[in-house]
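J.: Pasting a predicted model and its sequence here:
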Amino acid sequence: MILALGARGPEFDSRNAPIFLFSFAGFWFYFTINLKKALLCSSANFICVIGTETPRRWQARKQRGEEKMAYGQVVIGPPGSGKTTYCDGMSQFLKLIGRKVAVINLDPANDALPYECAVNIEDLIKLSDVMAERSLGPNGGLVYCMDYLEKNIDWLQSKLEPLVKDHYLLFDFPGQVELFFLHSNAKKVIMKLIKKLDLRLTAVHLVDAHLCSDPGKYVSALLLSLSTMLHLELPHINVLSKIDLIESYGKLAFNLDFYTDVQDLSFLHYHLDQDPRSSKYRKLTKELCEVIEDYSLVNFTTLDIQDKESVGNLVKLIDKSNGYIFAGIEGSAVEFSKIAAGPLDWDYYRVAAVQEKYMKDEENFVHND
């Protein structure tokens, strides 16, 4: 299996970059296989960390007059997964349903924004300047930019302070995946903002849906999603973006719910063995799949950013994860719990309806031919 998700060449363009498998994620997990018990303990701590504020603590804050909070999303994902398009479409949707939205561009390589941003990191630092002055490539330049932003967090804080009073925030981050599962700069920026501005943020991790058509790429996407969840320690939603193009690179071996629910990964072994490149790493792939299943943290929701129903369903999940659903509600802890544990949509509406809409029916396809 070739693992290279998010690798970039010297002439990388963040808007048009192809998605590759990323070897760092795979081999990082490979070296931790003998430490599964320790890893599982850390995952238990992670579950405790990501929980949103409890109703009791919220009511205590309200009695002290501190109930006003700012909510938002940290939009991350590999190059080409649709982060900028997502921020543009999500901001339009949220405005249509009555929310004031501010988009914050923290990608110094993104110089062609389709949306109007309230804060732009290019006012502080530009990737092209860093590469020229420091003789760095795009990867090193982005790490430097995040480090510079962390050291100048007061600049970003001053820009956000007027917005947090009444705006919903969308943070558009760079597509360099190392920033979110390996380096600590981006995480430190997020945590400092949460602490200083009392933000309630959800990480929205976009993964291109067409990766499901290649078992090797799908396993790598799972590894990347899991490592990012554990590193960021935020309420986290993994999204298969561009679901309308899911079969553009080939048909899926299983139904869509196999990929969204991350079901028994042993079924992928047969399909991986059909590829001579993947069969060579059969044992490594098996061990990596066991790590993913041992954690049992990763699943996906789907998104077609041009479909308002699809965007609306995702907004519901995000609002529950960051606590926005509780904003302005008067009630007891029991009533809060009823909202938090509300009935889930029947699986048909969550997955099967999406499959019916965007994936070809093999029987009908053959019949029509």
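T.: Yep, that arrived.
J.: Around the residue nearest to R134 when sequence neighbours are not counted, count how many other residues there are.
T.: Of all residues not flanking R134 in the chain, Y144 sits nearest, at 6.4 Å (C-beta to C-beta, 6 or more residues apart in numbering). C-betas here are computed from N, CA, C, even on glycine. When neighbours are counted by other C-beta atoms under 10 Å, Y144 registers 19.
J.: what's the distance between Y144 and K192?
T.: Counting by C-beta to C-beta, to the nearest Å, the gap from Y144 to K192 is 18 Å.
J.: ok, back up a step: relative to G77, how far out is the residue nearest to R134?
T.: 21 Å.
J.: can you check I153 too?
T.: I153 is 23 Å from G77, where distance means C-beta to C-beta.
J.: cool, K95 as well?
T.: Counting by C-beta to C-beta, the gap from K95 to G77 is 23 Å.
J.: So those two - more neighbours on which side?
T.: Set K95 next to G77 and count neighbours by other C-beta under 10 Å: G77 wins out with 28 against 12.
J.: which residues does the residue nearest to the more buried one when sequence neighbours are not counted bridge with?
T.: Nearest non-adjacent residue to G77, counting by C-beta to C-beta, 6+ apart: L206, 3.4 Å away. Per DSSP bridges, the residues bridged to L206 are V239.
J.: need the strands for the chain, in chain order.
T.: Counting by DSSP state E, the chain has strands at residues 4-5, 21-22, 70-76, 101-105, 119-120, 168-172, 199-208, 236-241, 301-302.
J.: Out of these, which gets nearest to S278?
T.: strand 21-22 (10.6 Å; C-beta to C-beta).
J.: State the mean pLDDT of the closest one.
T.: The average pLDDT for strand 21-22 rounds to 40.
J.: Quick one: neighbours of S213, just the number.
T.: S213 has 17 nearby residues by other C-beta under 10 Å.
J.: before we move on, what about K360?
T.: If you count neighbours by other C-beta under 10 Å, K360 ends up with 11.
J.: With adjacent residues omitted, what lies nearest to it?
T.: With C-beta to C-beta, 6+ apart as the criterion, K360 has its nearest non-adjacent residue at 6.5 Å, and that residue is E247.
J.: Which phi and psi values does that neighbour adopt?
T.: phi -100, psi 20 (degrees, to the nearest 10).
J.: show me the contacts for it.
T.: Contact analysis of E247 by C-beta atoms under 8 Å, 6 or more residues apart in numbering lists 210, 213, 358-360.
J.: ditto for S91
T.: Taking C-beta under 8 Å, 6+ apart, we find S91 in contact with 101, 103, 115, 170.
J.: Wait, the last one touches Y71, no?
T.: What it means is L170. No - L170 is beyond contact range of Y71, at 10.5 Å (criterion: C-beta atoms under 8 Å).
J.: okay, those two: which has more neighbours?
T.: When neighbours are counted by other C-beta under 10 Å, L170 and Y71 differ, and L170 comes out ahead with 24 against 20.
J.: any idea of the pLDDT on the residue nearest to the more buried one when sequence neighbours are not counted?
T.: For L170, ignoring the flanking residues on the chain, the nearest one in space by C-beta to C-beta, 6+ apart is V103 at 4.7 Å. As predicted, V103 sits at a pLDDT of 97.
J.: Quick check: the gap between V103 and K308.
T.: 19 Å.
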